[in-house]
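*Asks:* Okay, predicted coordinates and the sequence, questions at the end:
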Amino acid sequence: MIEYLQGEIAELSPAQMIIDCNGVGYCLHISLTTYSAFNGQTKGKVFVYEAIREDAHLLYGFATREERELFLLLISVSGVGPNTARLILSSLPPAELIEGIASGHDKLLTTIKGIGTKTAQRIIIDLKSKVRTVETLSGRGGLVQSKTRSDTVEGAVAALVMLGFLKTQSQRAVDAILKKSPTASVEQIIKDALKIL
């Protein structure tokens, strides 16, 4: 199983990327989110999902582990294949997709071409309780936050949501505060977040 590929970006289009790893060019199917992350770059590290079928051996590439985990969750839903999952990831940023599924917002999913009401509801039913686990993966390069830092982030965001702020808005505020003060406590993060929200 290929975990990731790192090398020079030989070709890049909104649907495909060819990455040169020591003289071997790998063709990866990508989403618009991944395309945007790598657009204008000459080198990169791409997380990979291999789809091995009788008639084809396909590679799907992702800029972050978070996006790949969302892709894996989506293809676990009956009736959602790799191309549909890639279309969903091209249509919605990971944070918005997580929030939409977790809050049961099927109308958000039906705005995506090819996703009907039944498919949207099936995605929500199957993934509503699982999708939050993806939030512990963040940032370019897909580094997993340390357990204590992850707990701090989750605690601060949960408190802000209970205070009536939107989850995505709260997450952005917490991330911004942690960039300035990486060792801030939950209480300090909440106090600072209330000033900027």
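*Replies:* Nice, I can see it. Numbers count the residues shown, from 1 in each chain.
*Asks:* surely Asp126 meets Ser76?
*Replies:* Yes - the criterion here is CB atoms under 8 Å, and Asp126 meets it with Ser76 at 7.0 Å. The C-beta positions use only the backbone N, C-alpha and C, and glycine is treated the same way.
*Asks:* which residue ranges form the helices in this structure?
*Replies:* Using DSSP state H, the helices assigned to the chain run over residues 32-38, 65-75, 82-91, 94-102, 106-110, 117-127, 147-162, 167-180, 186-196.
*Asks:* Serialize the ones you listed to JSON lines and add fields for mean pLDDT and mean neighbour count.
*Replies:* Below are the helices of the chain laid out as JSON lines (pLDDT from 0 to 100; neighbours: other CB atoms under 10 Å):
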{"stretch": "helix 32-38", "mean pLDDT": "90", "mean neighbour count": "19"}
{"stretch": "helix 65-75", "mean pLDDT": "94", "mean neighbour count": "22"}
{"stretch": "helix 82-91", "mean pLDDT": "90", "mean neighbour count": "20"}
{"stretch": "helix 94-102", "mean pLDDT": "88", "mean neighbour count": "21"}
{"stretch": "helix 106-110", "mean pLDDT": "89", "mean neighbour count": "17"}
{"stretch": "helix 117-127", "mean pLDDT": "93", "mean neighbour count": "18"}
{"stretch": "helix 147-162", "mean pLDDT": "71", "mean neighbour count": "16"}
{"stretch": "helix 167-180", "mean pLDDT": "86", "mean neighbour count": "17"}
{"stretch": "helix 186-196", "mean pLDDT": "80", "mean neighbour count": "15"}
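*Asks:* Include distance to Met17 when you put these into TSV, please.
*Replies:* Converted to TSV, those look like this (distance: least, CB to CB, whole Å):
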stretch	distance to Met17
helix 32-38	7
helix 65-75	13
helix 82-91	12
helix 94-102	18
helix 106-110	26
helix 117-127	26
helix 147-162	30
helix 167-180	27
helix 186-196	36
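*Asks:* Nearest to Gly7, out of those helices?
*Replies:* helix 32-38 (12.0 Å; CB to CB).
*Asks:* Report the distance from that closest one to the chain centre.
*Replies:* Its chain's C-alpha centre and that of helix 32-38 lie 11 Å apart, by CA atoms, centre = their mean, to the nearest Å.
*Asks:* Now Arg68: closest residue in space, sequence neighbours ignored.
*Replies:* Among residues not flanking Arg68 along the chain, Phe62 sits closest, at 4.1 Å (CB to CB, 6 or more residues apart in numbering).
*Asks:* May I have the beta-bridge partners of the one you found?
*Replies:* On the basis of DSSP bridges, Phe62 takes part in beta bridges with Phe47.
*Asks:* does it really touch Leu72, like I thought?
*Replies:* No - counting by CB under 8 Å, Phe62 does not reach Leu72; the two are 9.9 Å apart.
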